[in-house]
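*Asks:* I'll drop the sequence and a predicted model, then ask my questions.
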Amino acid sequence: MSRVGKNPVEVPQGVTVDVAGGAATVKGKLGTLKLPISTAEVEVTVKDGKVWVKPINESKQARMSWGATRANLRNMVEGVSKGYTKNLEITGTGYRAAVQGKNLQLQMGYSHDVTFAIPEGIAIKCEKPTAISITGFDKQKVGQIAAEIRAVRPPEPYKGKGIKYEGEHILRKEGKKK
C-alpha cells in the first residue's frame with residue numbers, strides 16, 4: 001500500500017493542472033511541464049484545488065506507479081510555482097567558474113578550460129568564482145545539470161579538491177606516511 005499515493009497534491013494559487021489524453025499538464029508562472037500517465041495502472045483526477053491519484057487495480061505495477069505518479073506531480077506543481085535550486089561549491093587552488101553568455105566556463109586544472117553550454121529553462125549564476133547556483137522549474141533537469149557539472153572534477157578524497165554539492169560531506173583519506 002502506498003503511503004505517499006494516498007495523500008492529495010495541493011495545487012497553489014496561479015497553478016493549473018489539466019489531465020487529458022494520457023498526460024498531465026501543469027502550468028504555472030515559471031513554465032509548463034508535461035507528465036505521461038499510464039492509464040492502465042493509475043487514475044488521476046483534479047477536484048477542489050487538489051490532485052488525487054488512485055490505482056486502477058491491485059497489481060504490483062499499479063501500486064508502484066501510484067506513488068511515483070503522485071510524487072512526480074507534486075514535484076511538477078512545486079517546480080512551476082517556486083522552482084528548484086542546486087548549489088555547487090568549488091574547492092582547490094586556481095579552480096574557478098564564470099558565466100559567459102550562454103556558457104559556463106570552468107577552470108579546473110586541465111590544460112584547457114571546460115565550456116558547459118547552459119540549456120533552455122535553466123539559469124546558472126556564479127556570485128563568487130567558487131560558487132555555482134543552478135535554478136530551474138524542472139527538478140530532474142536541475143539535478144541532471146548539477147550532476148554533469150560536478151562530474152567535470154568530482155571531489156577527491158585526500159584534499160577534497162573539486163566540485164561538490166553544497167553541504168555534501170566528502171570522506172577523507174589519510175595521505176601516505178614516511
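*Replies:* Here it is on my side, so go on. Just so you know, these numbers come straight off a predicted model, no measurement behind them.

*Asks:* And the next helix or strand past the longest helix anywhere in the chain?
*Replies:* In the chain, assigned by DSSP state H, the helix with the most residues is helix 60-81. Note on helix 60-81: by DSSP states H and E, the next helix or strand toward the C-terminus is strand 84-91.

*Asks:* Based on its surroundings, how many neighbours for T45?
*Replies:* Other residues near T45 come to 11 when the count uses other Cβ atoms under 10 Å. The C-beta positions use only the backbone N, C-alpha and C, and glycine is treated the same way.

*Asks:* For the helix or strand harbouring it, buried residues please.
*Replies:* According to DSSP H and E, T45 maps onto strand 42-47. By neighbour count with 16 or more other Cβ atoms under 10 Å, strand 42-47 contains the buried residues V42, V44, V46.

*Asks:* Kindly report the same for stretch 23-35.
*Replies:* A24, V26, K27, G28, L30, L33, L35.

*Asks:* Let's verify the second one: helix, strand, or coil?
*Replies:* Three-state assignment for V26 (DSSP: H, G, I helix; E, B strand; the rest coil): strand.

*Asks:* need the contact list for it.
*Replies:* Shown in contact with V26 (Cβ atoms under 8 Å, 6 or more residues apart in numbering): V15, T16, V17, T32, L33, K34, L35, L73, M76, V77, V80.

*Asks:* Give me the below-cutoff pLDDT ranges for the protein.
*Replies:* Residue ranges of the chain with pLDDT under 70: 1-2.

*Asks:* could you pull out the strands for it?
*Replies:* Ranges of strands within the chain are 9-10, 16-20, 23-27, 32-36, 42-47, 50-55, 84-91, 96-100, 103-107, 114-117, 122-125, 131-136, 162-165, based on DSSP state E.

*Asks:* Pipe those strands into CSV and attach distance to K173 per row.
*Replies:* As requested, the strands of the chain are exported to CSV (distance: least, Cβ to Cβ, whole Å):
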stretch, distance to K173
strand 9-10, 44
strand 16-20, 49
strand 23-27, 45
strand 32-36, 42
strand 42-47, 46
strand 50-55, 45
strand 84-91, 16
strand 96-100, 25
strand 103-107, 25
strand 114-117, 26
strand 122-125, 31
strand 131-136, 26
strand 162-165, 14
